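A.B. asks: Mind folding the following:
(2 chains)
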Protein chains: 2
Amino acid sequence: MSNISASIITIGDELLIGQTLDTNSAWIAKALNNIGIDVLRRVAVGDDAVAIRRALDEELLQAGIVLITGGLGPTADDITKPFLCDYFGAKLVVDERVLSHVKELFVQRNRPFLERNLKQAEVPDNCTVLHNRIGTAPGMWFEKEGKVIISMPGVPFEMTAIMEDEVLPRLRHHFVSDALLHVTLITSGEGESFIAEKIQDLEAALPGHIKLAYLPSPGVVKLRLTGRGDNAEALMQELKMRQEEIANRLENIVIAMEDMPMEYILGKTLMHIGATLGLAESCTGGYLAHLITQVQGASQYFKGSIVCYQNEIKERILGVEKGIIEQYGVVSEETATAMAKSALTALNCDNSLSITGLLSPGVYDSPIPVGTVWMAVADKEKIRTKKFRFHYDRHLNKELAVQMGMLMIWKFLNNKI
Amino acid sequence: MSNISASIITIGDELLIGQTLDTNSAWIAKALNNIGIDVLRRVAVGDDAVAIRRALDEELLQAGIVLITGGLGPTADDITKPFLCDYFGAKLVVDERVLSHVKELFVQRNRPFLERNLKQAEVPDNCTVLHNRIGTAPGMWFEKEGKVIISMPGVPFEMTAIMEDEVLPRLRHHFVSDALLHVTLITSGEGESFIAEKIQDLEAALPGHIKLAYLPSPGVVKLRLTGRGDNAEALMQELKMRQEEIANRLENIVIAMEDMPMEYILGKTLMHIGATLGLAESCTGGYLAHLITQVQGASQYFKGSIVCYQNEIKERILGVEKGIIEQYGVVSEETATAMAKSALTALNCDNSLSITGLLSPGVYDSPIPVGTVWMAVADKEKIRTKKFRFHYDRHLNKELAVQMGMLMIWKFLNNKI
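C.D. replies: I've put the predicted structure just below:
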């Protein structure tokens, strides 16, 4: 059977005024991709029946599957369900299974069941109901002229639960498709153009069913190879061979052969060498600790972070000598060094990283240019320091600082600095 | 002149496999909205000329302005520029101003200027070049049959710079439109249905040019009123009057009359009462400190956080007695209380919050159910504790915990707990 492709329609005025970030369609795209279903397009429209109809008509022209999220809540701004009834010539009926589930949830949450919540249990009479384990609004599966249309609530964790429990297994069962596989290679230290130049011949030699994409982000450039074929195993072997080829060419700028965030790469390294890490964060305000603890099992190597947002805390808790900050300034190599050394002791860890900088114009005047950040990474034997200068706004500078901080620890652990 | 509306097309295979979150179109939608331009639709397509052409044709049928991001980089997977030439019957020419800017950036960044970077300075000969202050790929402004088509690079901070420097001022100048204004009201403590029931009559009485939307997220429900009219001042007055009416009805569940994240609301309160805050975070791993330091000027009220991911750190740095953790367990009211009290002293702050919990199944067996979190908020006179139970995955539980933590501090400061 030929490849089946999907479109995603997300509904909600909040998506069109930029109030809400559309994480749903990214999640859905990834999940579909994993089971070999190509996503053709993602469309966001407002809470408006005409716009929804137009979008659904258009997407059905090309896609075999259309997934819709949003517009299924209990309040007056939700209009998807009546629209779907109209579109599929159905009428709304109360589904007893959904009703008892909704009532149960209200009891669990200790909330009164209101008349308008009854609407949650109404579904078009010609759809297959998709159970929503953790919320009140069920998903719906329609079929029309050989195509599948799926409607789900817009609340992200309800949508993902319905996708995992109901939609993905059914789609896998319903459609057979070519394998669509990806391998990724993460580099750090050179720009996109430099890399492209260096692997020009390898890229040109790629067969038609394998595509290469460059995905630059702060501090790293990811190279993603995407292949398509009917034999998943052979295809994966081929992709790995090409990935290896590129990695050999790029040598020492390659930091990972899998697509994973830096905090996972770092976690793997720490686990591998059996070492622990502690942090002393000033300007990044705990963000680096947050990222590191996003990784399940981080407690095996992460001791903690002292978020010393005020100088007095650097002195009180880290034991940085008052004289150092006074003499050299809080954003200085000396202060970063003292912080990293103190963190080794205070947090009883094998390795430590300190970050001190000025990410955005402060309340008080500063002799240091905005965007200046000093970092130090240390173990019991040695210490390495580095000065950075970031040129963006507070939030992006923070993002860049933590990415650079993780890279710095990674390089330190791998004896690359 | 009647209202002008826009569509946003984001280009990139990475958007269709869910590798990259489409933050660009949310940012653009918000920026357009602020100057009174309605966004009709957002469409994401792959790096494919046929798909881009189809999307552009379709969007031009309804929108007066189409903004395109992505596909302008220097590598082989970028195809937008040749497509635009074809679409607008143009040929590529080197723009001298862009070329000197690109060369300058390469010198600044200490990178070799390669042959393929020359391409960056090529633009279609019938567009207006939009200067990219911080990157190499310029934006392009085309006009066709009274409509405007704008193409920008996909790197978020380059796109936002071009929007701010070039696109928004030009659009404001080019199009006159009705005002489109929003006011938001943030509530906490009741669900969407309960609120809808309580303000049913007020919602029904809204005039046609004002719409109400419910935006639930962890711990809060936002109510957004959107109005449209030719007199911005009168419209804002009308919106504020309706907002006030709803706020009076909902009384004690209203926590803010502006749309802002909880960390900003909390920051305003702390500034207002002139108090400082310190944190002792275990399971949230620094995430709460990170959010609080996202706010410019947080150094005026935020002292820092002790991210005590390991029990030994709770004892070493916070001075929590070993006996307490041994006797009551690390996830307990007693440990949370000891952490909050110790943080008051260690961080020399007026108020402290502690968080200790188990967000996901651990490496070791635990007698505590996964998702259990104890928090304590304290000042020198009093302490309040609360137990939470979250039912989702590690990341969502962390998100919920910090939102609930911020709410708890806010309520404590406002004498609501």
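A.B. asks: helix or strand for the residue of chain A most remote from its centre, which one?
C.D. replies: For chain A, the residue at maximal distance from the C-alpha centroid (CA atoms, centre = their mean) is A:G323, at 42.4 Å. Per DSSP states H and E: A:G323 is located in helix A:322-328.
A.B. asks: do A:F142 as well
C.D. replies: In the assignment (DSSP H and E), A:F142 maps to strand A:139-144.
A.B. asks: Could you name the helices and strands sitting against that strand?
C.D. replies: strand A:122-124, strand A:128-130, strand A:147-152 (3 or more CB pairs under 8 Å, 6 or more residues apart in numbering or on different chains; DSSP states H and E). In short, each C-beta sits where N, CA and C put it, glycine included.
A.B. asks: follow-up on the earlier one: for the residue farthest from the centre of chain A, give me the pLDDT.
C.D. replies: Here the pLDDT value assigned to A:G323 is 88.
A.B. asks: Next: A:I313.
C.D. replies: A:I313 carries a pLDDT value of 87.
A.B. asks: ok but it is inside a strand, no?
C.D. replies: No. Assigned with DSSP: H, G, I helix; E, B strand; the rest coil, A:I313 falls outside any strand and is helix.
A.B. asks: how about the closest residue to it other than its chain neighbours, phi and psi?
C.D. replies: Nearest residue to A:I313 in three dimensions, chain neighbours excluded: B:G304, at 4.3 Å (CB to CB, 6 or more residues apart in numbering or on different chains). Its backbone dihedrals place B:G304 at phi 150, psi -180, with angles given as degrees, to the nearest 10.
A.B. asks: just the one 5 residues further on next, same as before
C.D. replies: In terms of degrees, to the nearest 10, the main-chain angles of B:Y309 are phi -70, psi -30.
A.B. asks: separation between it and B:P361?
C.D. replies: Distance, B:Y309 to B:P361, using CB to CB, to the nearest Å: 17 Å.
A.B. asks: what does A:K382 give?
C.D. replies: Per CB to CB, A:K382 is found 37 Å from B:P361.
A.B. asks: what about these two, which has more around it?
C.D. replies: A count of neighbours by other CB atoms under 10 Å in any protein chain shown puts B:P361 above the other of A:K382 and B:P361, at 12 against 8.
A.B. asks: Pass me the low-pLDDT residue ranges in the stretch 301-417 of chain A, would you?
C.D. replies: Along the stretch 301-417 of chain A, the parts satisfying pLDDT under 70 run over A:363-365.
A.B. asks: should've said chain A
C.D. replies: Applying pLDDT under 70 to chain A flags residues A:1-3, A:73-77, A:176-177, A:363-365.
A.B. asks: Got the domain ranges for it?
C.D. replies: A:5-174, A:179-256, A:262-413 (automatic domain parsing).
A.B. asks: closest one to B:S193 among these?
C.D. replies: Among these, the nearest to B:S193 by CB to CB is domain A:5-174 (4.8 Å).
A.B. asks: And the closest one, how far out from the chain middle?
C.D. replies: On the basis of CA atoms, centre = their mean, to the nearest Å, domain A:5-174 is displaced by 22 Å from the centre of the chain it belongs to.
A.B. asks: cool, stretch A:294-308 as well?
C.D. replies: Distance of stretch A:294-308 from its chain centroid, counting by CA atoms, centre = their mean, is 19 Å.
A.B. asks: same thing with stretch A:369-388?
C.D. replies: The offset between the C-alpha centroid of stretch A:369-388 and the centroid of the whole chain comes to 28 Å, using CA atoms, centre = their mean.
A.B. asks: quick one: buried residues of that stretch?
C.D. replies: A:370-379, A:383-386, A:388 (16 or more other CB atoms under 10 Å in any protein chain shown).
A.B. asks: which residues in the stretch 101-250 of chain A form helices?
C.D. replies: A:156-162, A:168-174, A:192-198, A:200-204, A:232-250 (DSSP state H, counting those that start in this stretch).
A.B. asks: ok, now which ones touch A:E334?
C.D. replies: Under the criterion of CB atoms under 8 Å, 6 or more residues apart in numbering or on different chains, the contact list for A:E334 reads A:I324, A:Q327, A:Y328.
A.B. asks: Relative to chain B, which of those residues is nearest.
C.D. replies: The closest of the contacts of A:E334 to chain B turns out to be A:I324 (CB to the nearest CB; 17.8 Å).
A.B. asks: does that closest one really touch A:A336, like I thought?
C.D. replies: No. A:I324 lies out of contact with A:A336 (CB atoms under 8 Å); the separation is 10.1 Å.
A.B. asks: Between those two, which is the more surrounded one?
C.D. replies: A:A336 (30 against 18).
A.B. asks: From A:H395, how far out is the more buried one?
C.D. replies: Counting by CB to CB, the gap from A:A336 to A:H395 is 22 Å.
A.B. asks: circling back: next SSE downstream of the helix holding A:G323?
C.D. replies: Sequence-wise, the next helix or strand downstream of helix A:322-328 (DSSP H and E) is helix A:333-346.
A.B. asks: Tell me if the next helix-or-strand element following that next one is near chain B.
C.D. replies: Counting by DSSP H and E, the element after helix A:333-346 in chain order, helix or strand, is strand A:351-357. No. Using CB under 8 Å from any CB of the partner chain, strand A:351-357 stays clear of chain B, with a minimum separation of 11.9 Å.
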